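Chemist: Just to be clear, the model below is a prediction. Sequence and coordinates:
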Amino acid sequence: MTKESIIDFYKEVDTETLIVEAAKVCQKVHGNGVWLRGLIEFSNYCAQDCLYCGIRRSNNKVTRYRLNEKEILETVKSGYQQGLRSFVLQSGEDPCFQASVLAGIVEKIRNGFPNAAIVLSCGVKTEEEYRLLKKAGADRYLLRFETSDPALHAKLRGGIPLERRLKALSDLKEADYQVGSGYMVGLPGETEKIRIQNALLCAKLELDMAGIGPFIPNPDTPLNEAKQEDIILTIRATALLRLLMPKTHIPATTAAGSLDKFGREKMILAGANVLMPNITPIAYRKHYLLYPGKICIEESGEQCLGCLALRMKSIGREIQSGRGDALAL
């Protein structure tokens with residue numbers, strides 16, 4: 001199917017039919033396996049002031065924290081011992097974690113766990129900084145664009161242009177990372193046309209991973225009174241992405257599970273094939289709240305992994321061990 005025919009199909013069919021077709025594509029390319037990425041939220045400091053984000057610079061209700069190098073390495077070690085082979089180090093755009101500091105941590109992880117995949121999600125950096133981190137041992141980088149609409153992007157990000165984000169994604173490609181990006185579904189001011197353009201932008205970028213999730217209004221942000229859209233928009237977006245990008249890894253996000261008890265399962269059944277269990281030390285998790293009602297903040301990493309295995313078994317999927325590298329697009 002061409003992109004045009006996929007979009008026509010998406011517009012014309014009901015959700016159930018859309019999900020069935022997306023599931024067929026996912027099954028053919030990825031089988032029943034679901035990859036795991038251990039998520040470590042190592043800092044909730046952020047220099048940015050995005051209107052939708054709970055850890056935005058202006059939110060003075062947040063208890064700020066930073067994991068030190070020892071805590072990060074111990075968390076990776078614990079996750080590795082539990083079978084994880086892919087780790088996502090995520091933070092706000094924290095000026096204290098300069099690229100040189102991050103590179104030192106990445107190098108220690110690489111030396112200690114040579115067969116593990118190291119994924120960074122730390123915001124926009126320079127091309128030189130991306131290359132430094134790649135040389136230290138990072139394999140992948142996640143940087144969501146959140147919306148493909150330039151005007152909406154600038155409004156939500158305090159005037160920062162969408163082009164800056166897209167340039168960073170281009171720099172990451174040039175630095176030979178496996179690149180992930182994506183967007184939120186149901187942002188205030190978003191239209192169905194924008195939602196389709198979001199998916200098409202992911203396809204145009206030829207992403208190795210496309211991460212999406214529902215916008216959930218945070219009471220401590222300027223968007224506290226925004227409308228909460230139904231999870232169905234995220235499910236449809238997942239199916240559309242799978243049809244457009246058969247080989248791309250698509251995570252079933254925690255935000256979906258926070259909005260709907262079975263949100264992650266619904267995303268998996270609509271074409272997602274990755275889960276990102278939170279293995280951040282429990283003492284810090286409650287302070288990394290991008291949105292309210294976040295699940296899994298009181299469970300140990302081991303409990304979370306066990307729960308996910310059972311949840312996947314209940315829908316006929318199985319957890320896969322290994323790095324889960326990108327497929328050739």
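Modeler: Perfect, I can see it now.
Chemist: Residue 229 is in contact with residue 186, isn't it?
Modeler: Yes: using C-beta atoms under 8 Å, residue 229 makes contact with residue 186 at a distance of 3.3 Å. C-beta here means a position set from N, CA and C on the backbone, and glycine is covered the same way.
Chemist: Measure how buried residue 292 is and give me the count.
Modeler: The criterion is other C-beta atoms under 10 Å. On that basis, residue 292 has 13 neighbouring residues.
Chemist: Now do stretch 52-66: distance from first to last residue.
Modeler: The first and final residues of stretch 52-66 sit 22 Å from each other (C-alpha to C-alpha, to the nearest Å).
Chemist: Low-confidence bits of the protein, can you list those?
Modeler: Nowhere does the chain drop to pLDDT under 70.
Chemist: What are the boundaries of the strands in it?
Modeler: With strands called from DSSP state E, the chain shows them at 33-36, 38-43, 86-91, 117-121, 140-142, 178-185, 209-214, 251-252, 274-275, 318-320.
Chemist: strands paired with the fourth one, and their directions?
Modeler: Which is strand 117-121. Strand pairing for strand 117-121, using DSSP bridges, gives strand 86-91 (parallel), strand 140-142 (parallel).
Chemist: out of these, nearest to residue 114?
Modeler: With C-beta to C-beta as the criterion, residue 114 lies closest to strand 86-91 of the strands paired with strand 117-121, at 13.0 Å.
Chemist: How about residues contacting the closest one?
Modeler: 35-46, 72, 76, 79, 97, 102, 105-106, 109, 116-123, 142, 276, 323-324 (C-beta atoms under 8 Å, 6 or more residues apart in numbering).
Chemist: re the thing from before, tabulate the strands of the chain (a markdown table), appending distance to residue 298 and mean neighbour count.
Modeler: Listed next are these as a markdown table, based on distance: least, C-beta to C-beta, whole Å; neighbours: other C-beta atoms under 10 Å:
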| stretch | distance to residue 298 | mean neighbour count |
| --- | --- | --- |
| strand 33-36 | 20 | 22 |
| strand 38-43 | 15 | 25 |
| strand 86-91 | 19 | 23 |
| strand 117-121 | 23 | 23 |
| strand 140-142 | 25 | 26 |
| strand 178-185 | 25 | 25 |
| strand 209-214 | 21 | 26 |
| strand 251-252 | 20 | 30 |
| strand 274-275 | 18 | 26 |
| strand 318-320 | 22 | 16 |
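Chemist: Can you redo the ones you listed as a markdown table, where the extra columns are distance to residue 65?
Modeler: Formatted as a markdown table, the strands of the chain follow (distance: least, C-beta to C-beta, whole Å):
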| stretch | distance to residue 65 |
| --- | --- |
| strand 33-36 | 25 |
| strand 38-43 | 7 |
| strand 86-91 | 10 |
| strand 117-121 | 17 |
| strand 140-142 | 21 |
| strand 178-185 | 24 |
| strand 209-214 | 23 |
| strand 251-252 | 24 |
| strand 274-275 | 25 |
| strand 318-320 | 30 |
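Chemist: To residue 244, which of those strands lies closest?
Modeler: Within the strands of the chain, the stretch nearest residue 244 is strand 209-214; the backing value is 8.9 Å (C-beta to C-beta).
Chemist: in the sheet, who's paired with the spatially most central residue of the chain?
Modeler: Geometric centre of the chain, nearest residue: residue 211, 4.4 Å, by C-alpha atoms, centre = their mean. Going by DSSP bridges, residue 211 is paired in beta bridges with residue 182.
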